[in-house]
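In: What follows is a predicted protein model with its sequence.
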Amino acid sequence: MSRVRPATLLANLGGAHDPATGGLVPPLQPSTTFARRPDYSLTDPACLYARDDAPIYPRIEQLLTELEDGAAALVLPSGMAALAAVLRTIRGGETIAVQRGIYYGTLDRLEKLVARGEIGLQVFDGSDPGDLERLIAEARPALVLIETPSNPYLEVLDIARCAELAHAGGALLMVDSTAATPLVTRPLALGADLVMHSATKALNGHSDVVAGVLVTAREDPRWAEIRADRHDAGALLGPFEAWLLLRGLRTLALRVERMNASALQVAAFLAAHPAVERVLYPGLPDHSTHDVASRQMAGGFGYLMSFLVRGGAEDALQVAGRLQLIARATSIGGVESVIEHRASIEPASTGVPANLLRLSVGIEDPADLIADLARALER
């Protein structure tokens, strides 16, 4: 297919129809192994064994490669598996620089590797433009890892500047872009070396698949190592789950457009409500990184936000408990709006405010979401 805009690419899955029947929906091939001809040649040279050769994987990977303007992509069984695939390329004694206040699971994984003596870890303050520069000069990390917008504080880092600093210090830059999606931010085009997504979230968008994606700016030896490691370790998504992910991607452009527009309306409502102390959403003019987000994000500011209820943990939990439409659940990026009291999930050592509620806005009518929040915020 000739170069088309993302919404068209997604709706048509990059032309990945069924060549055998003409079906507009790609087929699901669950086979783990593939027959050979009498001369022992493969029926399809690309299909030997399902560890890497399930026909649906390259369809997803080609689609994500085009969406991210990358060189290649890999599908993995979860977002954390995508992170782990990169971490396994870090050599003993090398250091990773990671942004403070990102997804708790990422920091927890890194801290466990540090505790085993496998890597060094340095944490920098993304809100301080000079902190990363100082860290790179002093620690000389092999990898800089950022998440933008971050979860749950919705901090947006200047990817181009982070890439410039990382490369000047001999490091790679990897961006977790889960809360943005490729339709809002393309980190590779801004200088990042790797971009990852928890495809469980908006890429699939239907809360029925756990998956991860890695996309690289170039097919270099590190990428070859990551690809080989996926094969050797068998870190693969099941074919049915991959088929569901591909199906979910068809509506990504519509969902992201609706979710972004609704999130901005919901954030504005919350910011004006007397029971809300503060709203963390980069689309609001008073957000600390609004200017960066305005330059870096296209077509909206994402579907994710956090807000601090006036009072303490009990007040926040009561607000969440009174919601009737918005579900109380863990995860983000689905068609349904969900809310989570992060202090009930993260350990107190992370410092997450006890009155913080994280809200992932779905595709419902924003007026209904606002009405539900209004009821819940009534004293």
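Out: Here it is on my side, so go on.
In: Give me the neighbour count for residue 90.
Out: Neighbour count of residue 90, defined by other CB atoms under 10 Å: 19. Any C-beta I mention is one placed from the backbone N, CA and C, and that applies to glycine too.
In: residue contacts, it?
Out: Residues in contact with residue 90 (CB atoms under 8 Å, 6 or more residues apart in numbering) are 96, 118, 119, 142, 143.
In: burial of the fourth one, as a residue count?
Out: Taking other CB under 10 Å as the neighbour definition, residue 142 ends up with a count of 20.
In: Also the second one?
Out: By the measure other CB under 10 Å, the count of residues near residue 118 is 17.
In: swap in the third one?
Out: Residues within reach of residue 119, counting by other CB under 10 Å, total 19.
In: picking that back up, what is the nearest of the contacts of residue 90 to residue 62?
Out: Of all the contacts of residue 90, residue 143 has the smallest distance to residue 62: 26.1 Å, by CB to CB.
In: As JSON lines, the contacts of residue 90 with secondary structure would be great.
Out: As requested, the contacts of residue 90 are exported to JSON lines (DSSP: H, G, I helix; E, B strand; the rest coil):
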{"residue": "96", "secondary structure": "strand"}
{"residue": "118", "secondary structure": "coil"}
{"residue": "119", "secondary structure": "coil"}
{"residue": "142", "secondary structure": "coil"}
{"residue": "143", "secondary structure": "strand"}
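In: Report the lowest-confidence entry in those.
Out: For those, the minimum pLDDT belongs to residue 118; the value there is 81.
In: all helices for the stretch 201-350 of the chain, in order.
Out: 221-233, 239-249, 252-272, 290-296, 313-322 (DSSP state H, counting those that start in this stretch).
In: Helix or strand, whichever it is, which one in the protein has the lowest mean pLDDT?
Out: Here the helix or strand of the chain ranked lowest by mean pLDDT, DSSP states H and E is helix 50-53, holding a mean of 78.
In: just checking, next helix/strand downstream of that helix?
Out: Following helix 50-53 in sequence order, the next helix or strand is helix 56-68 (DSSP states H and E).
In: Residue ranges of each domain in the chain, please.
Out: Following the assignment in automatic domain parsing, the chain carries domains at 6-249, 252-377.
In: before we move on, the earlier item: who's in contact with the least confident helix or strand of the chain?
Out: By CB under 8 Å, 6+ apart, the surrounding residues in contact with helix 50-53 are 31, 32, 33, 34, 46, 47, 230, 231, 234, 236, 239.
In: roughly how far apart are the fifth one and residue 52?
Out: Separation of residue 46 from residue 52 (CB to CB, to the nearest Å): 10 Å.
In: One more: residue 99?
Out: Residue 99 sits 32 Å away from residue 52, going by CB to CB.
In: neighbour count winner among those two?
Out: With neighbours defined as other CB under 10 Å, residue 99 and residue 52 compare such that residue 99 has more, 25 against 18.
In: Quickly list what the more buried one is bridged to.
Out: residue 124 (DSSP bridges).
In: Pretty sure it sits against residue 159.
Out: No. Using CB atoms under 8 Å, residue 99 makes no contact with residue 159, being 11.5 Å away.
In: any residues in contact with both of the two?
Out: What both residue 99 and residue 159 touch, as defined by CB under 8 Å, 6+ apart, is the set residue 146.
In: How about residue 23, nearest residue that isn't a chain neighbour?
Out: residue 17 (6.2 Å; CB to CB, 6 or more residues apart in numbering).
In: Name all residues that make contact with the one you found.
Out: 23, 24, 25, 26.
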